[in-house]
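K.L.:
Here's my sequence, what's the structure:
(chains A, B, C and D)
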2 protein chains.
Amino acid sequence: MMPRFRDFTTTELRFVSSFKTGELVAEPGASILSQGSNSAHLFTVLSGWAFRYKTLSDGRRQILNYMLPGDLIGLQGSLMGELEHAVEALTPLVLCVFQRDRLHELYRNHPGLGYDVTWLAAREERMLDEHLLSLGRRSALERAAYLVAFLYRRGESVGLGKGGRIEVPLTQQHVADTLGLSIVHTNKTLRKLANLNLLRWHDRSCEVLDAEGLRSVAKWEEPEERRRPLI
Amino acid sequence: MMPRFRDFTTTELRFVSSFKTGELVAEPGASILSQGSNSAHLFTVLSGWAFRYKTLSDGRRQILNYMLPGDLIGLQGSLMGELEHAVEALTPLVLCVFQRDRLHELYRNHPGLGYDVTWLAAREERMLDEHLLSLGRRSALERAAYLVAFLYRRGESVGLGKGGRIEVPLTQQHVADTLGLSIVHTNKTLRKLANLNLLRWHDRSCEVLDAEGLRSVAKWEEPEERRRPLI
DNA sequence: CGGCCCATTGATACCTATCAAGGACCGTGG
DNA sequence: CCACGGTCCTTGATAGGTATCAATGGGCCG
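P.N.:
Below is the predicted model:
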């Protein structure tokens, strides 16, 4: 029986699905999938951080969300034929590779897993909803606080908090492209949060000092993370 | 056999699923679901327009997306127990009601339908991705052009174009809350688009004069709508 | 050492929010 | 009938938040 609705551990993931066809390792900055691609594969993150983004024709980039261990990569492409966003590694990344044309088969033979895939899609949707609220209605300071608190929470929920400290692996350019701000203003905004003793910025990572304070600045009412399925 | 992957007609929908438990009719402005609710129901739109939104504690509102015939309402709540957004009717609305606790059953007995639910979730995700790009990286004028072109496209794709003309049923307050702009600036921005002969604004609706022109202003590269499943 | 990426900071310009006011329309009640 | 309040749309003036421009320092690597 496949493990499901259990606490997450990276090592377990490697044995989860009979649909696995291989493993893939990528370096930071590596492009995993590109916009408009018609990849034959669907991935699950085994370890590392990645992000997905879209760009306008003139190059403006918007980061849509981040992927951590347990997240699916490329589901949209698998279901609809063509991916409308690109995916890039933020840290060294280990992926589990599935063949997307066997997705139908998965639904037929493992309805529980099919349900779990939908669960993950609904969870992604919920995150995007909150990001939209951020971009549309939060100020720059609130947005930055939300993003850092959000990423901290995500890291924590997959057990990345070694001794309570999590280093979120980002550059300020990533933050800017996530928040829809210029890089200069992003810098000034992060500095304000640092001066409030809510976070500390390192070379290419962010250390959270006060998650509750960040959530408060962001006015973020975080939904409790329910038991999650394991794909 | 249930109809699937076919062209959409409203009347067909009424017979689609054995999981249907009733029908619901709502008036414009009516609240269908509210933030934090734990509704026992899942809906499909049979006719009319609705939208879903989130609010910050101080009242700032962000509209997340719009629902048209064929769209699901409340999937997040069905899968994760609690809905993190509210839903409101924009026009007179007819909904088909399902019982959410039978969703597992649906996946078990009708894997094809389960697949279709996931397809719809992935499609919603794709729309949210584009909205995020809009809020993060498009100017006010581009955003407004994108929104109108987007809603026009959606209406068209479910056959609302009577004689080529579609009236999108919105107030400028809705537009403002979708684009993350103030209502005053929204008004001035829509006026610019009207002066460019791209649209005409009526009392509480928007008429599209030049969909291609709007897409061009927005720099929106619209993905082709594939054959969609019918729930 | 030079080149490059990343973070930082000040000055200025521009886009959007806020404030204020008014017109059009529509239902309601005097 | 008309006055009244409400919602929606419109417009001008001013304030404020964010973008852009310019320049610097630190770290890393060829």
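K.L.:
Only C-alpha atoms from now on, for both contacts and neighbour counts.
P.N.:
OK.
K.L.:
show me where pLDDT drops low in chain A?
P.N.:
Scanning chain A for pLDDT under 70 picks out the ranges A:1-20, A:162-164, A:227, A:229-231.
K.L.:
Show me which residues of it sit near DNA strand C.
P.N.:
Residues of chain A found near DNA strand C (Cα under 7 Å from any atom of the strand) are A:170-173, A:183-185, A:187-188, A:190-191, A:201-205.
K.L.:
which outside residues touch whichever strand or helix holds A:Thr44?
P.N.:
A:Thr44 is located in strand A:41-47, with elements delineated by DSSP states H and E. Where contact means Cα atoms under 8 Å, 6 or more residues apart in numbering or on different chains, the residues beyond strand A:41-47 that reach it are A:10, A:13-14, A:67-75, A:78, A:92-100, A:231.
K.L.:
which of those are buried?
P.N.:
A:13-14, A:67-75, A:78, A:93-100, A:231 (16 or more other Cα atoms under 10 Å in any protein chain shown).
K.L.:
Quick check: which of these are also close to chain B?
P.N.:
Intersecting the buried ones among the contacts of strand A:41-47 with the surroundings of chain B, defined as Cα under 8 Å from any Cα of the partner chain, gives A:Leu75.
K.L.:
Give me the neighbour count for A:Leu128.
P.N.:
When neighbours are defined as other Cα atoms under 10 Å in any protein chain shown, A:Leu128 has 20 of them.
K.L.:
give me every residue that touches the residue nearest to A:Ala218 when sequence neighbours are not counted.
P.N.:
The shortest distance from A:Ala218 to any non-neighbouring residue, by Cα to Cα, 6 or more residues apart in numbering or on different chains, is to A:Glu142 (4.2 Å). The neighbourhood of A:Glu142, defined by Cα under 8 Å, 6+ apart, consists of A:134, A:217-219.
K.L.:
swap the cut-off to 10 Å and go again
P.N.:
By Cα atoms under 10 Å, 6 or more residues apart in numbering or on different chains, the contact set of A:Glu142 is A:134-135, A:189, A:193, A:214-220.
K.L.:
Next: A:Leu196.
P.N.:
Applying Cα under 10 Å, 6+ apart, we find A:Leu196 in contact with A:190, A:209-210, A:213-214.
K.L.:
Narrow those to those that are buried.
P.N.:
Judged by neighbour count, with 16+ other Cα under 10 Å as the criterion, the buried members of the contacts of A:Leu196 are A:190, A:209, A:213-214.
K.L.:
Can you name the two of these that sit furthest apart?
P.N.:
Taking Cα to Cα, the two most distant members of the buried ones among the contacts of A:Leu196 are A:Leu190 and A:Gly213; they sit 13.9 Å apart.
K.L.:
Overlap of the contact sets of these two?
P.N.:
Counting by Cα under 10 Å, 6+ apart, the residues touching both A:Leu190 and A:Gly213 are A:145, A:196, A:198-199.
K.L.:
Next step: these restricted to strands.
P.N.:
Among the shared contacts of A:Leu190 and A:Gly213, the members found in strands (DSSP state E) are A:Leu199.
K.L.:
Sort out which one of the shared contacts of A:Leu190 and A:Gly213 lies nearest B:Leu160 for me.
P.N.:
Set against B:Leu160, the nearest of those by Cα to Cα is A:Ala145 (42.0 Å).
K.L.:
right, is the helix ranked longest in chain A up against chain B?
P.N.:
Using DSSP state H, we find that the single longest helix of chain A is helix A:111-137. Yes: under the criterion of Cα under 10 Å from any Cα of the partner chain, helix A:111-137 makes contact with chain B via A:111-137.
K.L.:
what about the strands in chain A?
P.N.:
Shown for chain A, the strands assigned by DSSP E span residues A:20-26, A:31-33, A:41-47, A:50-55, A:61-67, A:72-73, A:86-89, A:93-99, A:167-168, A:199-201, A:206-208.
K.L.:
Given the second one, what are its sheet partners and their directions?
P.N.:
Translated: strand A:31-33. strand A:86-89 (antiparallel) (DSSP bridges).
K.L.:
ditto for the fifth one
P.N.:
Strands adjacent to strand A:61-67 in the sheet, as given by DSSP bridges, are strand A:50-55 (antiparallel).
K.L.:
starting at the chain centroid, how far to stretch A:114-131?
P.N.:
What separates the centre of stretch A:114-131 from the centre of its chain is 12 Å, taken as Cα atoms, centre = their mean, to the nearest Å.
K.L.:
what separates A:Asn109 from A:Gly77, distance-wise?
P.N.:
In this structure, A:Asn109 lies at 21 Å from A:Gly77, with Cα to Cα, to the nearest Å as the measure.
K.L.:
quick one, which of these two is more surrounded?
P.N.:
In terms of neighbours (other Cα under 10 Å), A:Gly77 is the more surrounded of A:Asn109 and A:Gly77; the figures are 23 against 13.
K.L.:
First-to-last residue distance for stretch A:30-39?
P.N.:
Distances were taken as Cα to Cα; on that basis the terminal residues of stretch A:30-39 are 16 Å apart.
K.L.:
do the same with stretch A:92-105
P.N.:
With Cα to Cα applied, stretch A:92-105 spans 31 Å between its terminal residues.
K.L.:
Please apply the same query to stretch A:99-119.
P.N.:
One end of stretch A:99-119 to the other measures 20 Å (Cα to Cα).
K.L.:
buried set for it?
P.N.:
When burial is assessed from 16+ other Cα under 10 Å, stretch A:99-119 yields the following buried residues: A:99-100, A:103-104, A:106-108, A:111-119.
K.L.:
Which strand residues bridge A:Leu42?
P.N.:
Residues found in beta-bridge contact with A:Leu42 (criterion: DSSP bridges) are A:Phe98.
K.L.:
distance of it from B:Arg52?
P.N.:
Using Cα to Cα, we find A:Leu42 at a distance of 30 Å from B:Arg52.
K.L.:
Equivalent analysis for A:Arg138, please.
P.N.:
The gap separating A:Arg138 from B:Arg52 is 18 Å, by Cα to Cα.
K.L.:
Give me every residue in chain A lying close to DNA strand D.
P.N.:
Proximity of chain A to DNA strand D is assessed by Cα under 7 Å from any atom of the strand, with A:139-141, A:180-186 identified as the residues in range.
K.L.:
picking that back up, out of the buried residues of stretch A:99-119, which two sit at the greatest distance?
P.N.:
Taking every pair in those and measuring Cα to Cα, the maximum separation is 19.8 Å, between A:Gln99 and A:Trp119.
K.L.:
just to revisit the earlier point, out of the residues of chain A next to DNA strand D, who's the most crowded?
P.N.:
Counting by other Cα under 10 Å, top hit in those: A:Gly180 with 26 neighbours.
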